[in-house]
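Visitor: Any chance you could fold what I've pasted below:
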Amino acid sequence: MASPTATANPASANAELYHADGAAWAEETAQLLRERRFDEIDFDALVEEVEGLSQSNHDQADNRAGVLIAHILKWRYQPERRSRSWIDTIAEQQFRIKKLFKRYPSVRRGARLRWEETWADGRELALDQTGLPKKAIPAEPDMTLDECLDAKFRLDD
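Guide: Numbers count the residues shown, from 1 in each chain. This is a model prediction of the structure:
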């Protein structure tokens with residue numbers, strides 16, 4: 001005989017799984033959704049995970065853009081230290097960001113809205129990695145997101 005708790009709230013087993021094993025929970029929840037067994041789904045956890053997916057895409061774009069900005073700034077402000085690895089990093093970040101934007105157009109819109117903050121992060125990374133004084137690199141963006149993603153722009157002085 002089933003326990004009264006399991007019969008009264010079938011979603012509680014799904015909620016317990018969410019806290020015990022997130023990957024197993026995701027697989028089970030996907031199956032429950034396919035089977036339209038909505039009464040067995042922990043919807044609070046589902047909402048949390050869906051929101052987390054969106055946020056992780058925005059975070060990935062911002063992190064990659066910060067690395068891209070840092071390498072473009074290093075290229076500009078330390079020409080004597082230029083290397084193939086900087087070019088490779090710039091190209092890789094441009095490629096990955098464009099791919100992310102193609103798949104999730106709203107992430108591009110969000111990245112544009114956060115551009116000044118992302119610029120500040122990339123600038124700080126470049127300053128840390130180069131040892132240049134803060135006044136050497138502009139605090140305000142002097143290039144746009146689209147310019148940073150332009151393959152020709154990356155190597156212009």
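
Visitor: all contacts plus neighbour counts: C-alpha atoms, from now on.
Guide: Fine.

Visitor: my guess is Trp75 meets Ser85, correct?
Guide: No. If you go by CA atoms under 8 Å, Trp75 and Ser85 don't touch, sitting 10.8 Å apart.

Visitor: Which one's more surrounded, those two?
Guide: In this view Trp75 and Ser85 are compared by other CA atoms under 10 Å, and Trp75 has more residues nearby, 22 against 10.

Visitor: Mind giving me the packing neighbours of the host helix or strand of Glu16?
Guide: Element membership of Glu16, judged by DSSP states H and E, is helix 11-20. If contacts are counted by 3 or more CA pairs under 8 Å, 6 or more residues apart in numbering; DSSP states H and E, helix 11-20 sits against helix 22-34.

Visitor: Mind listing what's buried along the helix it packs on?
Guide: For helix 22-34, the neighbour count (16 or more other CA atoms under 10 Å) marks 25-26, 28-29, 32 as buried.

Visitor: and the longest helix anywhere in the chain, what does it pack onto?
Guide: Ordering each helix of the chain by length in residues (DSSP state H) puts helix 43-77 first. In this structure, helix 43-77 packs against helix 84-103, helix 105-113, helix 115-130, helix 145-149, with contacts taken as 3+ CA pairs under 8 Å, 6+ apart.

Visitor: Recalculate using a threshold of 6 Å.
Guide: Secondary-structure packing of helix 43-77 (3 or more CA pairs under 6 Å, 6 or more residues apart in numbering; DSSP states H and E): helix 84-103, helix 115-130.

Visitor: okay, now Gly131: neighbour count?
Guide: For Gly131, the count of nearby residues is 9 (other CA under 10 Å).

Visitor: ah, wrong one, I meant Asp146
Guide: Look at Asp146: counted by other CA under 10 Å, it has 13 neighbours.

Visitor: Check the gap between it and Leu32 for me.
Guide: Per CA to CA, to the nearest Å, Asp146 is found 42 Å from Leu32.

Visitor: do Asn9 as well
Guide: Using CA to CA, Asn9 is found at 15 Å from Leu32.

Visitor: Could you count how many residues lie near the residue nearest to Ile69 when sequence neighbours are not counted?
Guide: The shortest distance from Ile69 to any non-neighbouring residue, by CA to CA, 6 or more residues apart in numbering, is to Gly122 (5.0 Å). Gly122 sits with 24 neighbouring residues when counted by other CA under 10 Å.
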